[in-house]
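Novice: quick one, structure for this:
(chains A and B)
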There are 2 protein chains.
Amino acid sequence: MLSKNQLKHIRQLSRKKYRQESGLFVAEGEKLVSELLDSGWKADQVYTTLPLQKTPHTLVDLSILKKITHLTSASPILGIFHLPKENFTDVKNNRFSLVLDSIADPGNLGTIIRLCDWFGIKNIFCSPNTVDCFNPKVVQSTMGSIARVRCHYVDLLSLIENCETKVYAATLDGNSHYKESFQNCGLLVMGSESHGISNELLKKIENRIRITSHSDGARAESLNVASATAILLSEIFRP
Amino acid sequence: MLSKNQLKHIRQLSRKKYRQESGLFVAEGEKLVSELLDSGWKADQVYTTLPLQKTPHTLVDLSILKKITHLTSASPILGIFHLPKENFTDVKNNRFSLVLDSIADPGNLGTIIRLCDWFGIKNIFCSPNTVDCFNPKVVQSTMGSIARVRCHYVDLLSLIENCETKVYAATLDGNSHYKESFQNCGLLVMGSESHGISNELLKKIENRIRITSHSDGARAESLNVASATAILLSEIFRP
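Specialist: Next up is the predicted model:
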């Protein structure tokens, strides 16, 4: 059994402020919890209906997990993990990184983190108003990739101004994504679902890339930000 | 004011069976409703807080819209539209079409419909167990593209067996998507979020395509189905 205070503590981890105060976040599901453990993330508590081999845990009934889940349906395992220490990776490195300006939807951020993991991107730089990557819905939709991709919440304007590599912006005008010769290192900036990249930031970026549509009369005005990121990363990492 | 029966009628349109019985579906939001009207879709009723120029409508308070919305927050306009007549387009045509096997998530289907609209694909062939494209969450996440892309729920096995164009399957093995020379017409088959393409179907498909990952040790096991569709469509429609 968990005490009232323990239940309250776990439920409050759905709030960003409480996650930051306590230095903890929640991950649910066998795959997610085991990927975090395998990648060396430290668990504060693991609640599960099934005995685990190597990890200290508390056996509970599914009814308890139903009370503490942050998702619509409870998994047989819920881990409470320590937030990682901020570990700002210099952007002057020789890799590609992603920059997200004001992404609001948890599912979109989770999908983008999973995409970065697929293409070997280790760092995502997010505007401070981008949804928190340790939001339970984000963690869930990364399908475990949160264990290997780091999100850094920073001032994007100074990041871009001090960046020594090439910076690309995904926009509705600009060069066709089929024709651009992408460099091996640089930054790709993706804008918010509703407003795109902020004007202030866009002014600082020389290379604008447009995803060419192929339409005889088609009229979709834009793509979902995760779809657009998928297309551009596939193009950037073309061998 | 709406009667109790009218309120019940609108709320029941969240259910597939009731949509099919009544031949109606719900679309919410200014952009979505105006795109449907502009594309010639027939409205049965339009409820709105704002007078419209050309369309017959019923003025209501936002409090009424809050009662009848199928989404988490109400828009100032909700339209009830007639379902289109089934209009099965022969696959022996000279275009590319998409095939979806057991896609369960409404957001994924909506995003994929939006992608098809972007790339000029007019027809999607779905397994009967794929989520209904007139589900309110699907309609919403198409961002209006539902007005221009048609989903046909058909037996995929007989579709593939009788197909005279090339058929491609997105799998975790197969040829790299960077290396495949795609034809101008054909079918691209995408599998479910959890199980991929069913074995029965996969056996019938010669051309398997794998999205190449670029990882020094990255470990994402798969991509979100909408992300994978985005990458492959961009590649298929490469000029």
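
Novice: only C-alpha atoms for contact and neighbour calcs from this point on.
Specialist: Fine.

Novice: ramachandran angles for the residue at minimal distance from the centre of chain A?
Specialist: What sits nearest the mean C-alpha location of chain A, by Cα atoms, centre = their mean, is residue A:113, with 3.9 Å. When read as degrees, to the nearest 10, the backbone of residue A:113 gives phi -60, psi -40.

Novice: that one contacts residue A:148, doesn't it?
Specialist: No: Residue A:113 lies out of contact with residue A:148 (Cα atoms under 8 Å); the separation is 9.0 Å.

Novice: just to revisit the earlier point, excluding sequence neighbours, find me the nearest residue to the residue nearest to the centre of chain A.
Specialist: residue A:142 (5.9 Å; Cα to Cα, 6 or more residues apart in numbering or on different chains).

Novice: okay, that neighbour: pLDDT?
Specialist: Confidence at residue A:142, expressed as pLDDT, is 95.

Novice: so who does it touch?
Specialist: The contact partners of residue A:142, by Cα atoms under 8 Å, 6 or more residues apart in numbering or on different chains, come to A:110, A:111, A:112, A:113, A:114.

Novice: can you list the residues of chain A near chain B?
Specialist: A:111, A:114-115, A:117-120, A:144-145, A:148, A:178, A:213-224, A:226-228, A:230-231, A:234, A:237-238 (Cα under 8 Å from any Cα of the partner chain).

Novice: contact partners for residue A:189?
Specialist: A:98, A:99, A:100, A:101, A:167, A:168, A:169, A:170, A:197.

Novice: chain B versus residue A:67, what's the distance?
Specialist: When distance is defined by Cα to the nearest Cα, to the nearest Å, residue A:67 is 23 Å away from chain B.

Novice: same thing with residue A:52?
Specialist: 23 Å.

Novice: ok, residue A:196 next?
Specialist: Taking Cα to the nearest Cα, one finds residue A:196 at 16 Å from chain B.

Novice: picking up where we left off before, mind giving me JSON lines with the contacts of residue A:189 and columns for neighbour count, secondary structure and pLDDT?
Specialist: Listed next are those as JSON lines, based on neighbours: other Cα atoms under 10 Å in any protein chain shown; DSSP: H, G, I helix; E, B strand; the rest coil; pLDDT from 0 to 100:
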{"residue": "A:98", "neighbour count": "23", "secondary structure": "strand", "pLDDT": "97"}
{"residue": "A:99", "neighbour count": "25", "secondary structure": "strand", "pLDDT": "97"}
{"residue": "A:100", "neighbour count": "24", "secondary structure": "strand", "pLDDT": "98"}
{"residue": "A:101", "neighbour count": "23", "secondary structure": "coil", "pLDDT": "98"}
{"residue": "A:167", "neighbour count": "23", "secondary structure": "strand", "pLDDT": "96"}
{"residue": "A:168", "neighbour count": "20", "secondary structure": "strand", "pLDDT": "97"}
{"residue": "A:169", "neighbour count": "23", "secondary structure": "strand", "pLDDT": "97"}
{"residue": "A:170", "neighbour count": "24", "secondary structure": "strand", "pLDDT": "97"}
{"residue": "A:197", "neighbour count": "21", "secondary structure": "coil", "pLDDT": "97"}
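
Novice: identify, from these, the entry nearest to residue B:76.
Specialist: residue A:197 (26.7 Å; Cα to Cα).

Novice: please enumerate the helices of chain A.
Specialist: Listed in chain order, the helices of chain A (DSSP state H) span A:4-12, A:16-22, A:30-38, A:62-68, A:106-118, A:136-141, A:156-161, A:199-202, A:225-236.

Novice: run the chain-centre distance for the longest one.
Specialist: By that I understand helix A:106-118. Distance of helix A:106-118 from its chain centroid, counting by Cα atoms, centre = their mean, to the nearest Å, is 5 Å.

Novice: what helices or strands is it leaning on?
Specialist: In terms of contacts (3 or more Cα pairs under 8 Å, 6 or more residues apart in numbering or on different chains; DSSP states H and E), helix A:106-118 is packed against helix A:136-141, helix A:225-236.

Novice: equivalent analysis for the shortest one, please.
Specialist: The helices and strands touching helix A:199-202, judged by 3+ Cα pairs under 8 Å, 6+ apart, are helix A:156-161.

Novice: swap the cut-off to 10 Å and go again
Specialist: helix A:156-161, strand A:166-176 (3 or more Cα pairs under 10 Å, 6 or more residues apart in numbering or on different chains; DSSP states H and E).

Novice: out of those, nearest to residue B:12?
Specialist: Between the helices and strands packed on helix A:199-202, strand A:166-176 lies closest to residue B:12; by Cα to Cα that is 38.6 Å.

Novice: give me the contacts around that closest one.
Specialist: A:96-99, A:160-161, A:177, A:180, A:182-191, A:196-197, A:201-202, A:204-213, A:221-223, A:225, A:228-229, A:232 (Cα atoms under 10 Å, 6 or more residues apart in numbering or on different chains).

Novice: can you show me the CA trace of it as CSV?
Specialist: Taking Å, rounded to 0.1, in the frame of the first residue of the first chain, the C-alpha atoms of strand A:166-176 are listed here in CSV:
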residue,chain,number,x,y,z
LYS,A,166,25.3,26.6,-40.8
VAL,A,167,21.7,27.2,-39.6
TYR,A,168,18.7,26.1,-41.6
ALA,A,169,15.1,27.2,-41.0
ALA,A,170,12.1,25.2,-42.1
THR,A,171,9.7,27.7,-43.7
LEU,A,172,6.9,27.7,-46.3
ASP,A,173,9.2,29.7,-48.7
GLY,A,174,12.9,29.2,-49.4
ASN,A,175,14.8,26.5,-51.3
SER,A,176,13.3,23.2,-52.1
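
Novice: what about stretch A:142-149, how long is it end to end?
Specialist: Its first and final residues considered, stretch A:142-149 spans 10 Å by Cα to Cα, to the nearest Å.

Novice: please apply the same query to stretch A:115-122.
Specialist: End-to-end distance (Cα to Cα), stretch A:115-122: 11 Å.

Novice: ok, and for that stretch, which residues are buried?
Specialist: Under the neighbour-count criterion of 16 or more other Cα atoms under 10 Å in any protein chain shown, stretch A:115-122 has A:115, A:116, A:117, A:118, A:119, A:120, A:121, A:122 buried.

Novice: for those, which one is nearest residue A:22?
Specialist: Taking Cα to Cα as the measure, residue A:122 is the one of the buried residues of stretch A:115-122 closest to residue A:22, at 25.3 Å.

Novice: so what pLDDT did the residue nearest to residue A:37 when sequence neighbours are not counted get?
Specialist: Leaving out its chain neighbours, the residue that sits closest to residue A:37 by Cα to Cα, 6+ apart is residue A:43, at 7.4 Å. We have a pLDDT of 96 for residue A:43.
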